[in-house]
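J.: Sequence and computational prediction follow.
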Amino acid sequence: MATDNILPYGRQTIDRTDVAAVAAVVGSDFLTTGPAVAEFERGLCEATGARYAVACSNGTTALHLACLAIGLKQGEWGITSPNTFLASANCFEFCGASTDFVDIDETLCLSPGRLEHYCATVRVPKVVVAVDFAGVPSSLPRIRELSQRLGFALIEDAAHALGSSYVHDGVEYRCGGCGHADLAILSFHPVKTITTGEGGAICTNDADLAGRLRLFRSHGMTKDPVQLTRHDGGWYYEMAELGYNYRITDLQCALGSSQLIRLPAFKKRRQEIVRQYNDAFAQRTDVIVPPWPKQTDPCFHLYTLQFAGGAPVRRRVYDALLAERILAQVHYFPVHLQPYYSRKYGYAAGKCPLAEGYYSGCLSLPLFPGMSNGDVERVIDAVTRVIG
C-alpha cells in the first residue's frame, strides 16, 4: 500500500525544537546515560507530581522493574485487567509469579467491586496492576483502599495516561503521581502522548523503591559506599542484585524533555478531537462512544468506538476505512484468551464477559495531535457512510 494520504490510528508529533534537542545531545559528551536522563526524570516528576522518576528502555521493562522492586516472586500472584496490552500481565510472568485477571466496568478499566469479590472468594494477590485504559484513570482511590486493607501492592499502569488526572475528596491527582499507588509506570512509544522513540519510566514516592528501581535498571550494580561490602578504590562497584540492562539513552531523553514542554498542548488537541468525534456519534443508537467519567480529566490516548452490531459491523467498518487509507486498530483482544494464558491456566471465554463483550465490537479511530479538523471529518464521514 502506498503511504501517501494514509491516516494512522496514532503517530508521534515532532517539531524542529525536538530535532534541535536531539542534535544537541549528538554533539555532546554523552550519548547513553548522562545528564539528559536526569533532566527528563526531573521533568516527569514535575509533570506527574511524583517524588521520584526512574526512566528506562520501554514501558514493558518499566512494568518488570516495578514488579522486581516490590519483590514479586514464584508462588505469588498478580492481578490485572484483561483489557490491556500484553505487558500489563507478562510482567508477573517475568518474575516467575502467576497471573490472573479481573473483569472491567463501565470505565473499561479494572472493576474495584469485582476485584474485592475476587480477593474475598479466590485469593489476595501480591500485586495488582490497575490500567488507565485509553487515558481514562482507573478507580485508584477505591483500589488503594482495598490494597491497604488487604495488603497487596498497587501499580498504576499509566502508559496511556500521562497528562490525565482525577479528583478524589476535592483534591486533584495526576496519573503517574502515585497519589493512590505504590508505583506507576509510563510509556513513551511513538503513539503515546509524548515519545522518546522507545522508552518508559517508573514513578514512586518511596525512596527505597526508587533505589531498588535504579539498581535493577543497571545490572544490579552499585557504587554506593553504604551498600558495598568492601572499597578497593574510586573505580570499584559491586553487583548487589541480579539486574538488567534496562537503561535509556540521553538521545531519547532529550527528545522526551522537549516533548514534555508541549504536554498541555497535546492534551488540549486530543480532547478537541474526542469532542468532535462525540458530537458526531454520541446521539446514535448503533454506536457507543468512549467513557469520560465524572471527576476525571483524561488525556485521551485512544478513541474506542463500540458498534452495537458487534464483530460483523466492526469488521465491515475496519475494512471500509482501510480501503480509504484510514488505519483503525482494535484495543484489545482480552489477554486471558491469548494462547499462552489459556494453555497455561485454562482461562476460557466467559471468564471476563464484559471485557470480551467490549472487544467484540470495539474499534480505535485515529487520534493524535497532528490530525487536522479535516482529517477528523474524513474519519467521521467514512464511518458514517458504512453504518448508515
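T.: Right, received. Where do you want to start?
J.: what residue of this protein is the furthest out?
T.: Largest separation from the mean C-alpha position in the chain: Asp232, at 42.5 Å (Cα atoms, centre = their mean).
J.: residue ranges of the helices in the protein, please?
T.: Taking DSSP state H to define them, one finds helices in the chain at 16-26, 35-48, 59-69, 87-94, 112-121, 140-150, 207-217, 250-261, 263-281, 311-323, 339-345, 353-361, 373-387.
J.: Out of the ones you listed, which gets nearest to Ala159?
T.: helix 59-69 (4.7 Å; Cβ to Cβ). Heads up, the C-betas are built off the backbone N, CA and C, glycines and all.
J.: The closest one vs helix 207-217, what angle?
T.: 120 degrees (axes from the mean of the first three to the mean of the last three Cα atoms, to 10 degrees).
J.: could you measure the residue nearest the centre of the chain against Asp132, distance?
T.: With distances taken as Cα atoms, centre = their mean, the chain has Ala159 as the residue nearest its mean C-alpha position (1.6 Å). Counting by Cβ to Cβ, to the nearest Å, the gap from Ala159 to Asp132 is 8 Å.
J.: what sits against Ser364?
T.: Tyr9, Leu302, Tyr303, Thr304, Leu305, Ala328, Gln329, Val330, His331 (Cβ atoms under 8 Å, 6 or more residues apart in numbering).
J.: Tell me how many other residues surround the spatially closest residue to Arg123 that is not a sequence neighbour.
T.: Spatially, and ignoring its direct neighbours in sequence, Arg123 is nearest to Trp77 (6.0 Å; Cβ to Cβ, 6 or more residues apart in numbering). Applying other Cβ atoms under 10 Å, we find 18 residues neighbouring Trp77.
J.: cool, the one 10 residues further on as well?
T.: Ala87 is flanked by 23 other residues according to other Cβ under 10 Å.
J.: That one reaches Leu63, doesn't it?
T.: Yes. Taking contacts as Cβ atoms under 8 Å, Ala87 lies within contact range of Leu63: 5.4 Å.
J.: Show me this protein divided up by domain.
T.: 16-100+107-261, 263-387 (automatic domain parsing).
J.: Let's have these in CSV, adding mean pLDDT and distance to Asn5.
T.: Shown next, in CSV, are the domains of the chain (pLDDT from 0 to 100; distance: least, Cβ to Cβ, whole Å):
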stretch, mean pLDDT, distance to Asn5
domain 16-100+107-261, 97, 19
domain 263-387, 98, 5
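J.: right, so those: which one is the most enclosed?
T.: domain 16-100+107-261 (a mean of 20; mean count of other Cβ atoms under 10 Å).
J.: For that one, measure first residue to last.
T.: 13 Å (Cα to Cα, to the nearest Å).
J.: repeat for stretch 341-354
T.: Taking Cα to Cα as the criterion, the two ends of stretch 341-354 lie 18 Å apart.
J.: That one: how far from the chain's middle?
T.: 23 Å (Cα atoms, centre = their mean, to the nearest Å).
J.: Give me the residues contacting it.
T.: 82, 89, 98-105, 111, 334-337, 356.
J.: out of the residues you listed, what pair is the most spread apart?
T.: Every pair of those checked by Cβ to Cβ; the farthest is Ser98 and Asp105, at 23.9 Å.
J.: which residues touch the spatially closest residue to Arg230 that is not a sequence neighbour?
T.: Spatial nearest neighbour of Arg230, excluding adjacent residues (Cβ to Cβ, 6+ apart): Tyr236 at 7.6 Å. Applying Cβ under 8 Å, 6+ apart, we find Tyr236 in contact with Lys223, Leu228, Arg230.
J.: Which of the residues you listed sits closest to Pro298?
T.: Lys223 (41.6 Å).
J.: How about the backbone phi and psi for the nearest residue to that closest one once chain neighbours are set aside?
T.: Spatial nearest neighbour of Lys223, excluding adjacent residues (Cβ to Cβ, 6+ apart): Tyr237 at 4.8 Å. Phi and psi for Tyr237, reported as degrees, to the nearest 10, are phi -140, psi 160.
J.: Which of the contacts of stretch 341-354 sits closest to Glu39?
T.: Ala89 (32.6 Å).
J.: That closest one and Val335 touch, don't they?
T.: Yes. With contact defined as Cβ under 8 Å, Ala89 counts as touching Val335 (5.0 Å).
J.: between these two, what contacts are shared?
T.: With Cβ under 8 Å, 6+ apart as the test, Ala89 and Val335 both reach Thr80, Phe101, Tyr341.
J.: Let me have the residues you listed in CSV, adding distance to Pro290 as columns.
T.: Output for these, formatted as CSV (distance: Cβ to Cβ, whole Å):
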residue, distance to Pro290
Thr80, 20
Phe101, 21
Tyr341, 26
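J.: ok, so of these, who is nearest Lys294?
T.: For these, the nearest to Lys294 is Thr80 (24.7 Å; Cβ to Cβ).
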